[in-house]
Structures are given as C-alpha cells and as structure tokens.
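In: 3D model of this:
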Amino acid sequence: MFEEQSDGAVRAGGPRVVALTEQGAAAAPVPSQAPSQVPTQGTRAVEHGGVEGILRRQAMRESAARTYARSLPIVPVRARGLTIEGADGRRYLDCLSGAGTLALGHNHPVVLEAVRGVLDSGAPLHVLDLATPVKDAFTTELFACLPPALAADARIQFCGPAGTDAVEAALKLVRTATGRSGLLAFTGAYHGMTAGALGASGGAPDVRVTRLPFPQDFRCPFGVGGPEGARLGARWTESLLDDPKGGVPSPAAMIVEPVQGEGGVFPAPDAWLRRMREITEARGIPLIADEVQTGVGRTGAFWGVDHAGVVPDVMVLSKAIGGSLPLAVIVYRSGLDVWAPGAHAGTFRGNQLAMAAGAATLAYVRKNRLAERAGALGERMLTALRGLASAHPCIGDVRGRGLMIGVELVDPDTGAPAQALAAAVRQECLNRGLIVELGGRNASVVRLLPPLTLTDEQAAAVLDRLSDAIPAAASHHPH
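Out: So this is what the prediction gives:
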C-alpha cells in the first residue's frame, strides 16, 4: 500500500522548529484515496538497467538545457498529495509541486475523477477553440473565482498550454488595443522563456522595456526598505512617466507579479500595488497581473492581487488552473478585446483534460476555502522559520505570503548571497527526503511551494527536515 508520508525525517541535530499545531486549528480537507499502482511501463523501464540506467540515458539524450533533473536525480514512479515515491523505493516530501502547479498535490481524487470522466465519456480530446461542455464548465467556474469587478466585464483567451504563451498573448493584446509598444516591468521579474516574456523578465539580455524598482526590505534599491522604500519606488515610477524628458513614451502596459517568485519570493506591498494601479489608471496604462504562480489560493487569497483589493485590466493565468495538466489563459476587460480572429492562436489551446481537471481544482479550492487555509498555515510556517533564523546567522531573510515561502542564505560576515550554501542545503534536504528548489538573483533562496492541502503534521515534518539540512550544509561550507 502507498501511504502518504508526513514524518520520519532523518535527524541531524540542530535546533528544532516550533510546533505548528494550534488549538482548534482546522486541517486541510484531504479526502481518502485508494492506493495507486506503479505503472507497468515505469516498472519495465526500471527493470531495464535500473534507476542509474534511466538517469544515464536521460543525461545522454536530453538537452543541456534541462534543469530540475540536474539537482533532483530521482526517478518518480508514483505520487499522492505531498509525497513522491522514486523507482528506488525512497519517498520524498515534494515542496516544489511542479513549480507551483499542483495546488492539490499529486493525483488528488477530484482531479483524477474529472479526468476519468472526460476519458470515459468519449468526448473529443482535441477541439482547437471550439465550444464544448467541458470548456463551458471550466470558464464558468473560473469566472466565479475571478475578482467580481473583472468577472462582470471579462473576456477570456485560451492560449498555448504554457504560462509564457499567455504572457505573449497579454502583451500582444495591450499593444493592439493601445497602439503603443512600450512596456513597464520590474527588476527581479520573471514572466517566462519565450522572446517577449523573457524580454520583460529581470534577466533579459537586451533591454526592451522600462525597468522599474520592485520594493523589498532585505536589499531595498533605495537603501531604506519598508513603506518608505515602497513609497520612493512609486514616486520614481510616477516621475519617470510624467517627465517629458524622461525618455519613456506612454507605454502599452505595466506587468507585475503580486509576489515575485523566481526573483526571490518578494511579496508586493499592498499599498504599493494599489499605488501602481492608481498611477496606471490615471494615465490610461493597462495593468497586467501575472498570476501564473500566485493564483488559485497560493498566497492566502484566491489571487495575489486580492490582498490589495486591486482589479487589473489583464490577468495572466496558468499552472494551477489546469489542475496539474497544461493550460494557460488570459482574462481581460472587454474594452481591450479589439484584435482580429486568429490574432493569437495555438493548436493546443483546447486541452479538454486540463479544463476538466482545472474546473475541479478551482471548485475544490473555492468550496473548501483552501486559500484561507494556506494563509494561516503559511504565516505559522514563516514564524517558525524566523525563529530558526535567529539561531543560524547564515539565514539572512525569511519572507513570503501564504504557501509561497523563501529562505535567503547569506555569508554571515558580509551579507552577500550564498549560492553554494543554498545548493548544499537543497542537497541536504534531498538526502532527508525533502524536495525544494532555489530562486533569487543568485540562486541563494530556498523556496517552499507545498500543495494547499498540506496538513499541520506535514508542515512540521517539512520544517524539521529543513531545520536539519541548514546546519548540516553550513558545517561543510564555513564562511
């Protein structure tokens, strides 16, 4: 029987994190699920040279651009909820969750039921952008979850199945609607890997957008942090747009992440985000909210913009909206809907299985109030990690929102980002059966993106393993 694992961490000493369970705290609803079986095809693959053979063939055949496979040399064969089981029989607590895609964890019963329902119905699996009952149900559920002021006047464009294509669609939409080409984006941003999306990201090799400061406390670009740092950033933005000699013509849009994920897990301050909305609205600049990773309850509200009460003109959605399957859309004000038929298209924009899984996921998160659950549990995890930081000078900062958490590792003497130490922490976590990923400017931020169904017991196990891994890694990387 495959039972989801929540504890049993390998202990390596060091201070323990505080207990998370509070009197009367409600656990996330996690329905029971019949044990899954290792797929026959996977079993044959394991038998053909074993795990090492699979990994060796991957290294020989796949592109040098592969990423997660380099730092996580495991061969998953089955999974449920928070837990992945490798072909070698080891079990891992997965706090990567498909880079935030798995809002309900692996193979959640409502997702499996939705997918089987489509398969058993005989419905076509590929329909381009034709109307189907499955698509209608997905769109109806998505609109029920949107900020009401947007849902009342919204249009939806189904894109290619990756978030980066939805970003491309959003940029094409606003440029068509405004007749302008410029773009406002932020330092530290990440919007995808296709040309337009990458150009708006912080690591763009060629500057094709106006880059604005994103507020943060730990390394504030103005050296002050807090509300004053955010106020200065907003003031700079306003001054730049209104200066006739500023060199920034009226742009087609501003694009912003409510929490910068790849940039290092920096939540946008609510007051600052409201100010960005005021600045753009007063100047007729559409505001695009990139909710690819922050959407569907991840940050403790259904959408990241909900914390600030901001209603953007365009929302870019992917990852969790497909219920673990590929799906990406943009939702936008009807006044922007001026492009011609076929202005943005894609062969695989009608993924019926993803729409069914996505509708089931959206409904489950909404009905079971998992966003509120993520907010409460995430706050307790942040508190525990900040307590851990007080005992370890190599932890420079702990930040996040909801179940989108980052721990930045630094050289205790200089405060400089400690990339090698972060990589060592990731490996020590893996040794203890915990999967985490790195982010931030120098890949020095350990990121936690557990599923929204995380229980108190599982959260404690995750924190115990991380609290063991940090001193173990630090002992091998003295500053």
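In: Any buried residues in stretch 419-433, and which?
Out: Judged by neighbour count using 16 or more other CB atoms under 10 Å, the buried positions of stretch 419-433 are 419-430, 432-433. Placement of C-beta: from N, CA and C, glycine included.
In: can you list those residues in CSV and add pLDDT and distance to Pro213?
Out: Converted to CSV, the buried residues of stretch 419-433 look like this (pLDDT from 0 to 100; distance: CB to CB, whole Å):
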residue, pLDDT, distance to Pro213
Gln419, 95, 23
Ala420, 95, 28
Leu421, 96, 27
Ala422, 96, 24
Ala423, 96, 28
Ala424, 96, 31
Val425, 97, 29
Arg426, 96, 29
Gln427, 95, 34
Glu428, 96, 34
Cys429, 97, 32
Leu430, 96, 35
Arg432, 96, 38
Gly433, 97, 39
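In: Now do the closest residue to Arg333 other than its chain neighbours against Arg283, distance only.
Out: Nearest non-adjacent residue to Arg333, counting by CB to CB, 6 or more residues apart in numbering: Asp313, 5.1 Å away. Counting by CB to CB, to the nearest Å, the gap from Asp313 to Arg283 is 13 Å.
In: before we move on, what about Trp236?
Out: Going from Trp236 to Arg283 by CB to CB gives 15 Å.
In: Can you tell me, leaving aside adjacent residues, what's nearest to Gly297?
Out: Nearest non-adjacent residue to Gly297, counting by CB to CB, 6+ apart: Ala371, 3.5 Å away.
In: Let's verify the one you found: helix, strand, or coil?
Out: Secondary structure, DSSP: H, G, I helix; E, B strand; the rest coil: Ala371 is helix.
In: Between the buried residues of stretch 419-433, which sits nearest Leu377?
Out: Cys429 (19.4 Å; CB to CB).
In: That closest one touches Asp464, doesn't it?
Out: No - using CB atoms under 8 Å, Cys429 makes no contact with Asp464, being 11.1 Å away.
In: ok, the residue most central in space within the chain - contacts?
Out: Closest to where the C-alpha atoms of the chain average out (CA atoms, centre = their mean) is Gln293, at 2.8 Å. Neighbouring residues of Gln293 by CB atoms under 8 Å, 6 or more residues apart in numbering: Ala99, Gly100, Glu257, Val259, Gly261, Lys319, Met404, Leu449.
In: Now it: which helix or strand?
Out: Using DSSP states H and E, Gln293 falls within no helix or strand.
In: Ser444 versus that one, what's the distance?
Out: For Gln293, the distance to Ser444 - CB to CB - is 19 Å.
In: hmm, back to that, among the contacts of Gln293, find me the one that's closest to Ala144.
Out: Among the contacts of Gln293, and counting by CB to CB, the member closest to Ala144 is Lys319, at 19.1 Å.
In: how about the nearest residue to the closest one, chain neighbours excluded?
Out: Nearest to Lys319 is Thr101, by CB to CB, 6+ apart, at 4.4 Å.
In: so that neighbour makes contact with Leu327?
Out: No - taking CB under 8 Å as the definition, Thr101 is not a contact partner of Leu327, at 9.8 Å.
In: neighbour count winner among those two?
Out: Legend: neighbour count by other CB atoms under 10 Å for Thr101 and Leu327, higher for Leu327 (30 against 23).
In: My guess is the more buried one contacts Asn351. True?
Out: Yes - using CB under 8 Å, Leu327 is in contact with Asn351, at 5.5 Å.
In: intersection of neighbour lists for those two?
Out: Pro161.
In: Contacts only, for Val305.
Out: Each residue near Val305 by CB under 8 Å, 6+ apart is listed here: Pro147, Pro258, Leu273, Ala289, Glu291, Val311, Pro312, Met315.
In: distance of it from Pro312?
Out: Counting by CB to CB, the gap from Val305 to Pro312 is 6 Å.
In: Now do the same for Pro221: helix, strand or coil?
Out: With three-state DSSP as the criterion, Pro221 was assigned coil.
In: Does Thr137 touch Gly358 like I think?
Out: Careful, residue 137 is Ala; it's not Thr. No - Ala137 is beyond contact range of Gly358, at 9.8 Å (criterion: CB under 8 Å).
In: Mind checking which of these two has more residues around it?
Out: Legend: neighbour count by other CB under 10 Å for Ala137 and Gly358, higher for Gly358 (29 against 17).
In: Now the more buried one. Its backbone dihedrals?
Out: phi -70, psi -40 (degrees, to the nearest 10).
In: Report the separation between the residue nearest to the centre of the chain and Pro258.
Out: Applying CB to CB to Gln293 and Pro258 gives a distance of 9 Å.
In: now His126
Out: From His126 to Pro258 the distance is 33 Å (CB to CB).
In: quick one: which of those two has more around it?
Out: Pro258 (28 against 10).
In: Grab the nearest non-local neighbour of that one.
Out: Nearest residue to Pro258 in three dimensions, chain neighbours excluded: Gly304, at 2.6 Å (CB to CB, 6+ apart).
In: if I pick that neighbour, what's in contact with it?
Out: Contacts of Gly304 by CB under 8 Å, 6+ apart are Glu257, Pro258, Val259, Ala268, Ala289, Glu291, Thr294, Gly295, Arg298, Arg401.
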